[in-house]
Each structure stands twice: as structure tokens, then as C-alpha cells.
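Student: Got a predicted structure plus its sequence, pasted below:
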Amino acid sequence: MTGRTATLAAAVALALAGCAAQNGQYARRGAPEASRQGPALFAAFAAATGTDAAAAGTEGARVADAPAQTLRKWQGPARVAFHGAPEAQDVEAARAAMARLRRLTRLDLRSADGEQAEIRIFVLPPELRRALAAQMAATGDARAAASSFGRWLSGAPGAGPCATLAEEAPGAPRGALGRAVIGVAAEAPARTRAACLEDGLSAALGLDFARVSPPPDRPTRAALLRLLYRPALRAGMPRAQALRLVRRMTENVRDFDPAPRAGAAPHS
């Protein structure tokens, strides 16, 4: 193993420690859908937070029938660092995405050195991904190898050009996300890498847009992020309870206009 691969392997191992949730894949984007209304916005929220839309009640089923899981959202600082072979345009794309997410969520989302970062982005060419996958297999870490990030490293079928995992920080309450790892294929086109970075950062914060079909447009994404980070939706609250609140909130779609008209009352 070369010195560079060993260094990256150590960084990957550190980033994956405790990150077991299979939390995101690249959303293959077709033509963007028009901004969603009412029930469709609710369904998008349910899907992006990991709940099956039918089980969540969008087709008349009771919301209580949704899987008994907890709502996950980021808590605390979200410092971001790059590893591997990012290009200058990757760093700029990440900074632009972070600025948008910071405005929508009010989180302390900013760049940091690798040792201090809670969110680590690995931009890796195929040879480094293969070497790291082999190193992971050699350590016998079956959980990491089976994760979405591990499958992305090994080039498993359907892995796509990127993957994201997020999990609670050590000692954090259930549902309070505090660490994440994002993988991006260095050989992917610049536009794809930029989409991976934006989708990956959103998934790290608790919204996996790859689960939403058709892919949501930017106004819908903004509405969903604002919704998730409302104070009424607490990290760790039962998902069924969260979905009941979200259903009521989305009855007035204008309440989620990502660019409210001047003089409009701010939402709580």
C-alpha cells in the first residue's frame, strides 16, 4: 500500500467509525418536476426522510402505520473537509451548496481542516477506491464493507458515482446526526460531481433526495429543508408523530414558499 493510500485508508476508517446508516445515493436527475403542492410535498418529505410514502399515509393509510423509526436531523456544528483529489471547482461547488444549506437550516455549516470536520468528503479516482475497498476487506470490517459507502468504494452494481452515510455522534441522543462521510467519483463529469456534493450534503443533514421520485426541483428541496429544520420537528421524535405534524404543516403550501413575499409572516 502506498503512503497516500494508507493515509486515505486511515481517514476513511476514522470517518466510517460509527457511520453505519445507508443514507444516500446519487439521485439520477431527469427533468425537474414542478414545485410540489400539499400531499405531494408531504410525500416528498416522507420519502426523503426514509419513510415509505404509502405506509406514511399518502394513499389513505393511517400515518400511524408508518415504520416505527425516529426523525433524524443534524445537531451542532457541521464542519466540512475534503480528502483525496478534489478539484478547485469541487471545492467551490461545495461552498455554494453549504451557503444555500446554511441559509435554509440555520446550521453552523462551514469548511474546516480534516481533523476537525464532522462531515468528510472523499473525491477519489477508481484506483484509489479499489485500493481502499481492498484495505477495508482485509480489515474484516463487514459492516463498513456492506454500507453504501463500502459498496461505492468497491464499485458494486448500482452504486453510482457517489454515496453518503450519516449517523449520530458518539454519545449523542438518538436521531441527532453529528457525523457523515460523502464519497464522490473523481472521474465523473464536473456537473455530476457538483450534484453529488449538493445531494450528499443534504443527505448528511437528514434529507436523502435520491429517495424522492420524480427528483424534486430546487424550490421543493428548499421547502423540504426549511420544513425539516422547523423547531417543532425534533431530532429523535417518533417518525409517526413527526409525519402527523408535517401533514398539518403542508396543508398550507404557501407556508413553505422558499422565497416568501415581502411582509409575509415568517414560519415557526
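Tutor: Cool, the structure landed.
Student: wait, isn't residue 161 in contact with residue 185?
Tutor: Yes - judged on CB atoms under 8 Å, residue 161 makes contact with residue 185 at a distance of 4.2 Å. (C-beta placed from N, C-alpha, C; glycine too.)
Student: residues bridging contact with these two, i.e. touching both?
Tutor: Jointly contacting residue 161 and residue 185 under the rule CB atoms under 8 Å, 6 or more residues apart in numbering are 193, 196.
Student: These two: which is more packed in?
Tutor: Between residue 161 and residue 185, residue 185 has the larger neighbour count (other CB atoms under 10 Å), namely 23 against 19.
Student: if I look at that one, how far off is residue 86?
Tutor: 12 Å (CB to CB, to the nearest Å).
Student: same question, residue 232
Tutor: For residue 232, the distance to residue 86 equals 37 Å [CB to CB].
Student: One more: residue 170?
Tutor: 27 Å.
Student: So for the two, which residue has more residues nearby?
Tutor: residue 86 (19 against 9).
Student: which ones are touching the more buried one?
Tutor: 121, 123, 186.
Student: now residue 175
Tutor: Listed by CB under 8 Å, 6+ apart, the contact set of residue 175 reads 70, 71, 72, 73, 168, 235, 236, 237.
Student: For the residues you listed, which entry has the maximal number of neighbours?
Tutor: Greatest neighbour count in the contacts of residue 175, by other CB under 10 Å, goes to residue 72: 26 neighbours.
Student: Surely that residue touches residue 235?
Tutor: Yes - counting by CB under 8 Å, residue 72 does reach residue 235; the two are 6.6 Å apart.
Student: Between these two, which contacts overlap?
Tutor: Counting by CB under 8 Å, 6+ apart, the contacts common to residue 72 and residue 235 are 175, 176, 177.
Student: quick check, nearest of those to residue 157?
Tutor: The shortest approach to residue 157 among the shared contacts of residue 72 and residue 235 belongs to residue 177, at 28.0 Å (CB to CB).
Student: what about the closest one, which SS state?
Tutor: For residue 177, the assignment made with DSSP: H, G, I helix; E, B strand; the rest coil gives strand.
Student: State the distance from it to residue 247.
Tutor: From residue 177 over to residue 247 the distance is 23 Å, taken as CB to CB.
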